[in-house]
Structures are given as C-alpha cells and as structure tokens.
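Q: sequence plus predicted model, see below.
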Amino acid sequence: MVGCGTGEYERRLEDRHAEKTRIETKLSGLYLPLVVPGTTISVRLPKSLFPDPPLVEGAMVGGKPVDVRRVKPQKLVTIPGLKLTYEGFIESEGGKLPCYCYVGVIDVPMQAVEDPSVKMRAELSAQQPPPALTNWQDVSLETPSGQPTVWRKLRAENSQEFYTLDKAGQGEFKNLPGVLEIYFRVEPKNIIVIAWRVPLSIDNKDKVDLKKWAALVAECVSVNKAVP
C-alpha cells in the first residue's frame with residue numbers, strides 16, 4: 001500500500017511539473033503582466049514585437065512629437081476606451097513595416113453603454129471602398145491555467161495608413177493593404193478590446209504571425225480584484 005501511495009504521489013508531482021513547464025513554455029515569449037492604467041485589467045504582450053514602451057500622443061520620440069496617427073487608427077475605427085498603443089517594426093524589403101496593438105478598456109457594465117462592437121463594425125463597413133469585413137464571431141480560447149475563455153473576433157482587410165521606416169530610419173506615412181483584427185470581451189464590470197493592425201504583407205508566420213499572437217494575448221488577459 002505504501003508503494004502504491006508513493007507511486008501516485010510521484011505521478012502527481014510529475015504531472016504538476018509537466019503542467020508548469022507547459023505554461024512557462026507557452027508564456028515565454030510574453031512580457032510579465034502589465035496592469036492597464038486606471039483599470040483592473042492586466043495584459044501580456046509579445047517581447048519580439050514590442051521592445052519599446054507604449055506610444056503617447058505628443059511625446060517626443062527621436063526628437064519629434066509622436067503623430068496622433070501612430071497612436072490611434074482614427075481614419076479606420078475608434079477603439080473604445082483606448083488606454084495603450086504599442087508599435088513595433090518588422091524588417092521588410094526597403095526598410096521596416098509597423099505592427100500595432102491597441103488595448104481598450106471601458107470600466108462600466110455592458111448594459112450601461114451602447115454596444116461598442118456594433119459601433120466598431122458600423123465604422124468599418126462605412127469605409128470607402130468597403131473593406132473585406134467579417135461578422136463578429138465567437139472564438140473559444142484557453143487561459144494559461146487551462147480554463148476556457150470566449151472572445152468575439154472581427155477581421156477587416158483594406159487599404160490603411162501606416163507609419164513606415166526606410167533603410168535610413170526615416171519615417172513616412174504610406175497607404176498599404178492592411179489587416180485589422182479586433183478581439184472583444186464583456187466582463188461583469190468591464191468591456192475589453194484588443195485590436196491588432198499590420199500591413200497584409202507581414203501578416204504571416206515568418207513576420208508577425210498575427211494568428212498566434214492575437215489569440216495568445218487574449219488568452220492571457222486577466223481581471224484583477226479592485227483595490228479598496
């Protein structure tokens with residue numbers, strides 16, 4: 001009996017170690033959790049895509065104030081409750097192309113506001129020419145601890161304005177075929193929006209791998225308890 005008990009104990013230890021290793025491997029490419037300013041929401045973003053702090057409108061970067069077009073995709077869609085904008089650059093032919101992640105949080109119950117998901121899709125569908133636009137779709141994901149979580153997802157493809165860098169590091173805005181993916185989730189006291197935007201030419205496994213990172217970041221979003 002003692003031997004059986006010891007064997008079961010060791011098996012459980014091995015299972016726990018394997019699970020710990022699985023979670024650590026899954027999260028190894030992400031930063032530690034960051035609390036979104038003014039909220040109880042935490043996010044984890046990819047280290048390889050965003051080595052720099054979030055952009056702030058008007059802040060000085062490279063001796064110049066940050067253009068609002070790098071902070072908000074205002075010609076495309078309004079991100080409700082926008083709190084953070086991350087910008088990274090990916091090597092490409094002739095220079096570098098950007099990757100953006102926008103984090104929005106509305107700290108009010110869903111029933112207290114007009115449905116932001118309806119408004120975002122309406123804004124996108126009004127673009128001229130109309131984008132290739134999906135309906136909102138439920139996406140079943142799994143948190144690092146193995147708990148199920150469901151988000152709604154929308155994707156739009158059309159010509160978008162991007163801040164690009166040439167080989168000399170000089171920046172300019174260009175209209176390029178682009179993709180926008182929005183993940184949307186409703187919590188009892190919060191509405192969470194995570195939007196990604198990249199030129200279509202770098203939306204692949206060798207460059208940005210949006211399919212992988214967007215889902216993983218959504219899986220790792222956590223709602224913390226409010227501090228009294």
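A: On my side now, so go ahead.
Q: got the residue ranges for the strands in this protein?
A: Listed in chain order, the strands of the chain (DSSP state E) span 34-35, 41-43, 60-61, 64-65, 82-92, 95-106, 132-133, 137-142, 148-166, 171-186, 191-199, 222-223.
Q: out of the ones you listed, nearest to Asp206?
A: strand 82-92 (9.7 Å; Cβ to Cβ). Yep, even glycine has a C-beta here, placed from its N, CA and C like the rest.
Q: tell me the domain ranges of this protein?
A: 1-30, 31-223 (automatic domain parsing).
Q: for the closest residue to Asn175 other than its chain neighbours, list each beta-bridge partner.
A: Nearest residue to Asn175, sequence neighbours excluded (Cβ to Cβ, 6 or more residues apart in numbering): Ser159, at 5.1 Å. Taking DSSP bridges as the rule, Ser159 bridges to Pro177.
Q: can you get me a residue count around Ser159?
A: 13 (other Cβ atoms under 10 Å).
Q: residue contacts, it?
A: 129, 175-178 (Cβ atoms under 8 Å, 6 or more residues apart in numbering).
Q: what stretches of this protein score poorly on pLDDT?
A: Residue ranges of the chain with pLDDT under 70: 1-4, 9-25, 110, 225-228.
Q: now the strands of the chain in TSV, with distance to Pro116?
A: Shown next, in TSV, are the strands of the chain (distance: least, Cβ to Cβ, whole Å):
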stretch	distance to Pro116
strand 34-35	21
strand 41-43	15
strand 60-61	29
strand 64-65	29
strand 82-92	11
strand 95-106	7
strand 132-133	16
strand 137-142	16
strand 148-166	11
strand 171-186	7
strand 191-199	6
strand 222-223	17
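Q: ok so, going back, if you compare the domains of the chain, which one is most tucked away?
A: Of the domains of the chain, the one with the most neighbours on average (mean count of other Cβ atoms under 10 Å) is domain 31-223, at a mean of 16.
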